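Chemist: Give the three-dimensional model of this entry:
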Amino acid sequence: MAPPWLRALRAALRVYVVGVAVMMTQLLRRLRGDFRPPELPPQPGRVAVVTGGAEGIGLSTARRLARLGMRVVVAGNDERKGREAVSSIRAESGSDSADFLFLDLASLASVRRFVREFRASGRPLHLLVNNAGIMMEPRGETDDGFERHVGVNFLGHFLLTLLLLPSLRVGGAGGRSSRVVTVGSATHRVGEIDMADLHGRSAYSAHAAYAGSKLALALFSLRLQRLLDARGDRVTANMADPGVVDTALYRHLWVGARAVQRGLGWLLFKTPDEGSWTPVYAAAAPELEGVGGRYLYNEAEAEPAAAARDPELQRRLWAEACRLTGVADETAGL
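Modeler: Okay, here's the model as predicted:
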């Protein structure tokens, strides 16, 4: 087995190669003049929860959903930013179309408290956008002892989604299906899942941890759709890859990558609004009514990595996530 430093270097190189490839694709699209937001019908009466909705892609997603007529619950762990986001969305829409609820995905207790508070509000739920995340941080642990990329990006959203499924089922019973949209990344294509060391305790690489968490989300989303299909729920689950977007997530990257972001971000990166187009498309496109189990990129269907489609890895990861979050595994036997 290669030494830890060599594995970390390999993971970093693979992540940056994927990033460069995505940026070149975005550059060509921009030069062709193909950057146009999707045209979507109004969505009056529908309620959405957007995690990480106070900034970056999440805020742009929340704004676009509110413009379509949805009522948006901004879920985040910074109350000041969250309330500022709500104020800006309300001012833009001219109505009380947004609210803030505190959610810290690094704490399973906070996830459970958020769900209790949302249910207590009496609102229906038609859309959950799993957007929040961290990127390539130095190793740290959540309140529950999980490596932070695994805990925040994957396990927090895993528990949140399962606890909100009853509300989503009710929301989808009135005609149109409810939707779960999980924001992914092309780095899932170079991600790996080590079931024996899910939390990176024996060897840690920030790049590998991030890519692995995005692979975990893809595995989760695809198995979730199998569960929904098996139960006949009027709820769909899809992945939405926003591309490489100019946000604050890149603050932990190698200094050279940050320099590219500062100097050429206007050309190679998508803006947060452009990055929101695919999640919003997944949330509201009529052609996706009742359609789940898809990986979407640039507002169109794409093929996820082969590892994401591995049913045995899906099963093992789901079972371990259930054990870690303390929920029953309803997919056993699927």
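Chemist: Which helix or strand in this protein has the lowest average pLDDT?
Modeler: Across the helices and strands of the chain, mean pLDDT, DSSP states H and E gives its lowest value to helix 255-268, namely a mean of 73.
Chemist: what ranges do the helices span in the stretch 1-150 of the chain?
Modeler: 4-31, 56-67, 79-93, 108-120, 148 (DSSP state H, counting those that start in this stretch).
Chemist: So which of those has the densest surroundings on average?
Modeler: helix 56-67 (a mean of 26; mean count of other Cβ atoms under 10 Å). C-beta: built from backbone N, CA, C; applies to glycine.
Chemist: hang on, the earlier thing: how about the helices of the stretch 1-150 of the chain, which one is nearest Ser213?
Modeler: helix 148 (9.1 Å; Cβ to Cβ).
Chemist: average pLDDT for that closest one?
Modeler: Helix 148 carries an average pLDDT of 97.
Chemist: From the contact counts, what lies against it?
Modeler: Packed against helix 148, as judged by 3 or more Cβ pairs under 8 Å, 6 or more residues apart in numbering; DSSP states H and E, are no other helices or strands.
Chemist: Toward the C-terminus, what is the element adjacent to that helix?
Modeler: Counting by DSSP states H and E, the next helix or strand C-terminal to helix 148 is helix 156-171.
Chemist: Could you spell out the sheet neighbours of whichever helix or strand comes after that next one, each with its direction?
Modeler: For helix 156-171, the succeeding helix or strand toward the C-terminus, using DSSP H and E, is strand 178-183. When sheet partners are counted by DSSP bridges, strand 178-183 sits next to strand 127-130 (parallel), strand 235-241 (parallel).
Chemist: Save the ones you listed as CSV, and put in mean neighbour count, mean pLDDT and distance to Asp99 too.
Modeler: Shown next, in CSV, are the strands paired with strand 178-183 (neighbours: other Cβ atoms under 10 Å; pLDDT from 0 to 100; distance: least, Cβ to Cβ, whole Å):
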stretch, mean neighbour count, mean pLDDT, distance to Asp99
strand 127-130, 28, 98, 14
strand 235-241, 27, 98, 22
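Chemist: need these in a markdown table with distance to Ser178, can you?
Modeler: Converted to a markdown table, these look like this (distance: least, Cβ to Cβ, whole Å):
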| stretch | distance to Ser178 |
| --- | --- |
| strand 127-130 | 7 |
| strand 235-241 | 5 |
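Chemist: quick one: low-confidence parts of this protein?
Modeler: Counting by pLDDT under 70, the low-confidence segments of the chain come to 1, 252-258.
Chemist: Okay, now stretch 116-136: how far is its last residue from its first?
Modeler: 31 Å (Cα to Cα, to the nearest Å).
Chemist: cool, and stretch 322-333?
Modeler: Distance across stretch 322-333, first residue to last, is 15 Å (Cα to Cα).
Chemist: hang on, the earlier thing: what's the closest of the strands paired with strand 178-183 to Thr325?
Modeler: Among the strands paired with strand 178-183, strand 127-130 comes nearest to Thr325, with 14.4 Å by Cβ to Cβ.
Chemist: Looks like Ala11 contacts Gly200 (just checking).
Modeler: No. Contact between Ala11 and Gly200 fails when scored by Cβ atoms under 8 Å: they sit 10.9 Å apart.
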